[in-house]
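how would this look folded up:
(one chain, ligands or ions: 1)
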Amino acid sequence: MSASCNCTEHVNKLHQQISVMRKEIKNLRQLLDSAVRSHRKHMTSLQSALTHLGQSRSPKSQLRPQADIETQNSLEKGTIQTVPIGYISSCFSVKNGTPRQPTICGPSRATLQIQQSVFNNPEHSLVGLDNYSHVWVVFLFHKNGHLSYKAKVKPPRLNGQRVGVYSTRSPHRPNALGLTLAKLDRVTGDTLHLSEIDMIAGTPVLDIKPYISDYDSPHSRLDIDTDTYDCGVQPEGTNVPSEEGTTSVESLHSDSIASFSCTDDPQLDLGVERGNSHRTDPRIFHSKDKSKVHIHRPGDASSSSAPKAPFKDLTTVLGELKAYISQGDDHLTLGSSVGKSQASDGPKAKPLEPVEDSARPCYGQEAYSTIAGWIREPPVTNLEVRFTPHAERELGQFLAPINAEPRDRPRFRFLRGPKEAAAAIKGVLSADPRSVYRRSRCKDRLFFFTLDTADITCWFGQGFAEVLRVRPVAVGTELAS
Ligand SMILES: C[S@@+](CC[C@H](N)C(=O)[O-])C[C@H]1O[C@@H](n2cnc3c(N)ncnc32)[C@H](O)[C@@H]1O
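Residues are numbered from 1 along each chain as shown. Next up, the predicted model:
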């Protein structure tokens with residue numbers, strides 16, 4: 001009896017000892033964990049101190065951590081590790097039916113939230129951006145499906161003709177990078193609200209930059225090659241003579257370019273006033289030669305006796321030129337058009353011969369740029385877009401995101417109502433979103449695409465596209481954000 005009693009006591013003691021030891025082990029573990037944490041912290045701050053030292057003392061400092069040196073080496077070689085700053089949330093869920101360029105479809109809306117993994121305070125990175133109306137969006141064509149690319153591609157608008165990949169905006173290029181000029185509607189905290197986009201939902205964005213027309217548009221460039229001025233004299237060197245007849249580099253990079261005049265020849269003196277940019281100088285017209293610009297001067301035979309008078313604004317003239325080109329009226333020349341409207345205003349412009357074929361470069365909106373002819377005059381013509389009454393009724397059922405009631409009606413996430421959606425649908429379809437294959441081989445097939453929360457069904461006939469159905473996207477297949 002006493003032996004068994006002793007034994008139980010002994011076992012109990014052992015149990016107590018084990019439990020004490022367990023507690024001690026637990027405490028030791030906690031101590032160890034906290035030591036490891038503090039060690040890591042210490043190492044991180046030590047590392048950043050070393051990096052700082054390495055950067056501030058000498059770029060080649062031995063103190064620079066290996067990772068830093070590797071990054072630098074990669075940069076030197078032109079290879080970088082990219083990190084998306086955010087992902088596009090847009091009214092287009094798939095490639096099919098997404099505009100091929102942003103301007104095709106104004107109401108196409110999207111948001112971009114800057115990731116917290118990139119900046120601790122992402123909203124700080126957007127401070128000041130709301131001063132701009134447009135932003136460049138650099139993104140990855142993540143849904144290309146493959147990484148293959150070819151030196152020559154067949155843009156859909158060229159209807160099967162091949163051109164070099166670098167003369168197109170094809171998504172299939174060695175580095176699958178896209179570039180879109182998007183309208184910046186507003187900035188709220190860490191989020192950009194965009195429209196006029198051509199990116200699908202989920203597109204990884206690598207960078208955004210403000211669009212600054214003074215820098216980004218050849219229209220307003222100040223460093224124009226003076227060779228392109230056909231003003232009768234070849235200016236010395238490559239710089240534009242300043243008002244005083246001297247050539248200053250500064251003058252090319254300041255507003256004083258507005259004072260450009262061919263002072264070498266009094267007959268050519270345009271008398272352009274300081275403060276007026278040459279880009280709005282109505283005396284400058286394009287010749288039909290690539291990049292050539294004619295400056296019409298009082299000395300022109302057509303205007304020798306004409307007094308200096310107010311000229312038509314260049315943008316107006318370019319507008320007329322654009323209208324003329326799109327009308328394709330072979331009998332009308334810019335000269336006659338401008339001349340007509342300027343009959344009482346001042347000298348007539350030189351006639352400009354009509355563009356003969358779509359391959360020839362034509363003039364961009366900017367006064368000093370040219371673009372491939374097929375961009376303005378593609379072999380694929382724009383389509384008329386119609387809605388059947390049924391489709392119109394279906395579209396009319398959709399509500400804007402802000403309308404909470406009635407609950408049983410479909411609601412857009414991005415678009416601001418049926419009117420805006422109709423404009424977006426027209427934009428997408430008028431540019432004929434079909435592939436060349438579908439256009440030529442499957443003409444009669446129905447075409448489906450998704451816009452915001454609507455599934456659109458349509459068909460194409462000769463010169464038109466007709467919307468047959470506009471249904472809410474099936475539940476469970478809504479847009480990925
Ligand atoms: C022709 S690209 C032009 C994009 C951009 N504006 C540019 O010039 O780089 C536009 C087309 O790319 C496709 N697309 C848009 N986002 C994409 C993405 N994340 N991955 C793959 N293709 C995409 C859509 O079919 C859209 O119509």
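
Kindly state the beta-bridge partners for C458.
Counting by DSSP bridges, C458 forms beta bridges with F447, V467.

Keeping just the C-alphas, turn stretch 160-171 into CSV.
Taking C-alpha atoms only, stretch 160-171 is exported to CSV below (Å, rounded to 0.1, in the frame of the first residue of the first chain):
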residue,chain,number,x,y,z
GLY,A,160,-4.3,42.5,-94.0
GLN,A,161,-1.4,44.6,-95.2
ARG,A,162,1.9,44.1,-93.4
VAL,A,163,4.0,46.9,-91.8
GLY,A,164,6.9,47.0,-89.4
VAL,A,165,5.8,46.5,-85.8
TYR,A,166,7.4,49.7,-84.8
SER,A,167,5.2,51.7,-87.2
THR,A,168,2.2,50.4,-85.3
ARG,A,169,0.7,50.3,-81.9
SER,A,170,0.4,46.5,-81.9
PRO,A,171,0.3,44.8,-78.5
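
right, is it up against the ligand?
Yes. Stretch 160-171 reaches the ligand (Cβ under 6 Å from any ligand atom) through R169, P171. Glycine gets a C-beta too; all of them are placed from N, C-alpha and C.

try stretch 97-106
Yes. Under the criterion of Cβ under 6 Å from any ligand atom, stretch 97-106 makes contact with the ligand via T98, P99, R100, Q101, P102.

Would you mind pulling the contact partners of that stretch?
With contact meaning Cβ atoms under 8 Å, 6 or more residues apart in numbering, stretch 97-106 is reached by 92, 108, 156-157, 169, 180-183, 195-200, 423-424, 427-428, 430-431, 433, 447-451, 456.

Repeat that for stretch 408-428.
Around stretch 408-428, the neighbours that count as contacts under Cβ under 8 Å, 6+ apart are 90-91, 97-99, 104-111, 385, 387, 395-401, 403, 449, 451-454, 456, 467, 470, 472, 479.

The same query, at a cut-off of 6 Å, please.
If you take Cβ atoms under 6 Å, 6 or more residues apart in numbering as the criterion, stretch 408-428 is touched by 91, 97, 99, 104-105, 107-109, 385, 395-401, 451-453, 472.

Could I have the buried ones of those as PyMOL selection syntax?
Only the buried entries of the contacts of stretch 408-428 go into this PyMOL selection, using 16 or more other Cβ atoms under 10 Å:
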select buried, resi 91+97+99+104+105+107+108+109+385+395+398+399+451+452+453+472
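
Which ones among the contacts of stretch 408-428 map onto helices?
L395, G396 (DSSP state H).

So, low pLDDT: which residues of the chain?
Residues of the chain that meet the criterion pLDDT under 70 lie in 1-5, 39-64, 219-369, 475-481.

go again using 50 as the cut-off
The chain contains residues with pLDDT under 50 at 1, 53-62, 222-313, 317, 321-356, 366, 478-481.

And the helices in it?
Using DSSP H, the helices of the chain run over residues 2-57, 66-77, 213-216, 249-252, 314-327, 334-342, 373-376, 389-396, 418-430, 436-441.

tell me the contacts of L468?
Applying Cβ under 6 Å, 6+ apart, one finds that L468 lies in contact with T388, A391, T457, C458.

The lengthiest strand in the chain: partners in the sheet, and parallel or antiparallel?
Ranked by number of residues, the top strand in the chain under DSSP state E is strand 177-188. Using DSSP bridges, the strands paired with strand 177-188 in its sheet are strand 134-140 (antiparallel), strand 191-195 (antiparallel).
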